[in-house]
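Trainee: One predicted model, sequence on top.
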Amino acid sequence: MVTQGNILSNQRGMTLIELMVGAVVATTVIAAGFAVLTSSSKALTTNEQTIETQQNVRVAMEFLYRDIRQAGFGMNGPVGNCPTAIVPADNNPAGTDKGPDRISLVVPVENPVGSAADPAWVLNSDTTIGFSLLALPSALAVANMATEAGGSLTVPNATISIGGAVTTTVTAAAGANLTVVPVTAPITMKRNTPIYLLQCITYQIIPPPDATGLCAGRSPCLVRGVAGGVTAGVLDCTTAGSRCTPIADEIEDVQFAYGCDGCVAGINSGTPDGIIDNQGGAAGFDQADFVTNNAWTTAPLTADKIQLAQLTIVGRQRRSDQGFGDSNRQTIQGAALQVSDHLHSDGVFVAGDFATVTPPYTSTRRRLLTRTIELRNLRH
C-alpha cells in the first residue's frame, strides 16, 4: 500500500551539495571549452599572419629576381638615371648597415601581343640597312609607349631595345613612327620584332611613418618604380616626380651582396675572365667572395663588373603574436636577425634603423628568404 510518506520521499529534489557539485562540473567544462576556443582562435590568427608574411616575402623576391635577372637587357649606354645596368646603393658603404639597401636597374617594358585599345609595340614593317626610322602598328602604340615613359619619348630621349638585340635612342616621335639614332649597318630587323622601352627603375623600402603615403598604411613596404630624384647620390622614390608603387607589404629589410669579375686589380690584372673574383682568399667560390660594403664607384670596384647578386629579404608580421591562452601578452621570438652586414636590433636607435621600435623588436615574427641571382643580360 502506498503511503503519504512514500510519496513525499520519492518527490525529494537535489540537495545543495549536489547542486554545487553540478555547478562546479559545468563551470569546469565551459572553462575548458572556452580555453580551447581561445587557443584555436589565436592559433588560426597566428597561422594566417605567418602565411601572409611568407607570401609577402615571396612576392618581393619574385619581382626583384625577375628584374635583377634581366638587368641591362643589352643596353649600350646610360638609361635615364642609371649609368650602368645595375646601380647598387648600400645603406652604409663604410661599415655596418642601420637600415635596408636599395637598388636601381635598367629593365625592359614590353607589349608584344597588344589589343585594339593598346596595340602591340612591334615593328610594322621590315627595316632597311642602316635604318633610323621605325614604323609601329599605329599612333596609339606610340602614344601608349610615351605614357609609359612618363609622357614623352623625346624629353628626355627614351632608350629602346629592338628585339633585345639592338639598343638605340628615340629622337622624334610622329604618328606611328619613331625616329631613332641610326643603327649601324648591316643590321636589319624583321616585321613583328618586339620593341622594348628601357627604364631605370628603383627598389626601395619605405619605413614607418611613411610620410608620403606610398605604403597606404601598410609600412614598412617595398616599392618599385621610376624614382623622381636623387638623395645623397641615391635614386629616391619619395622625391617629387616619382612614379613608384608598393608591391609587397610588411617588407622590413632588403640586403644585397655582389659577386664581381674584374674588380680586383691583382686578379688577372683586373680584366674580367668569366670567373667571379676571389675576395676571401680561400680556394674555390664561397660566401666571402661576395662584396657587401662598397659604393661601386671607384675603379676597379665599379658596378659594370657585377655578375652575381645575392638578395636577402626580411618580412615581418603586421602584429605580434598574443600567445595561446587568455593572456594578451606578447610572445618573445628570440634574438634579432643578422642579415648580411645589417644587425636588425643592436640596442642603439639610429635614424633609419626602424627595426629598433616599440613593441620590442623580438616580439614580432620575421621571415627571411635568400637567393643568388646570375645577371644574364649585362652589356655596357
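Mentor: Arrived safely, thanks for sending. Residues are numbered from 1 along each chain as shown.

Trainee: Which of the three states applies to the nearest residue to residue 288 once chain neighbours are set aside?
Mentor: Nearest non-adjacent residue to residue 288, counting by CB to CB, 6 or more residues apart in numbering: residue 280, 2.5 Å away. Where C-beta positions appear, they are placed from N, C-alpha and C, glycine not excepted. For residue 280, the assignment made with DSSP: H, G, I helix; E, B strand; the rest coil gives coil.

Trainee: Residue numbering should commence at 54 henceforth.
Mentor: Yep, numbering from 54; the last one is residue 333 now.

Trainee: residue contacts, residue 333?
Mentor: Shown in contact with residue 333 (CB atoms under 8 Å, 6 or more residues apart in numbering): 339-342.

Trainee: Same check on residue 198?
Mentor: Here residue 198 is in contact with 164, 174, 189, 206, 211, 248, 250 (CB under 8 Å, 6+ apart).

Trainee: Could you do residue 351 as well?
Mentor: Residue 351 neighbours (CB under 8 Å, 6+ apart): none.

Trainee: Adjacent strands (with direction) for whatever helix or strand residue 299 lives in?
Mentor: Taking DSSP states H and E as the criterion, residue 299 maps to strand 296-302. Within its sheet, strand 296-302 is paired with strand 274-279 (antiparallel), according to DSSP bridges.

Trainee: what comes into contact with the partner strand?
Mentor: Contact partners of strand 274-279, identified using CB under 8 Å, 6+ apart, comprise 113, 116, 120, 133, 203, 252-259, 263, 267-268, 290, 295-304, 307.

Trainee: try 6 Å
Mentor: Contacts of strand 274-279 from elsewhere in the structure, counted by CB atoms under 6 Å, 6 or more residues apart in numbering, are 113, 254, 256-259, 267-268, 290, 296-302, 304.

Trainee: Going by neighbour count, which residues in stretch 286-299 are buried?
Mentor: Using 16 or more other CB atoms under 10 Å as the burial criterion, the residues of stretch 286-299 that qualify are 287-291, 295, 297, 299.

Trainee: no, scratch that, I was asking about stretch 150-168
Mentor: 150-161, 163-164, 167.

Trainee: Spatially, which two of the residues you listed are the most separated?
Mentor: 151 and 167 (46.0 Å; CB to CB).

Trainee: In three-state terms, how would the residue nearest to the spatial centre of the chain be classified?
Mentor: Centre of the chain computed as the mean C-alpha position; nearest residue by CA atoms, centre = their mean is residue 113, 3.6 Å away. Secondary structure, three-state DSSP: residue 113 is helix.

Trainee: Now do the contacts for it.
Mentor: 275, 301, 304, 366.

Trainee: Tell me how many other residues crowd the third one.
Mentor: Going back to what we said before, that points to residue 304. 29 (other CB atoms under 10 Å).

Trainee: Could you verify that residue 169 is part of a helix?
Mentor: No - per three-state DSSP, residue 169 lies outside any helix segment and is coil.
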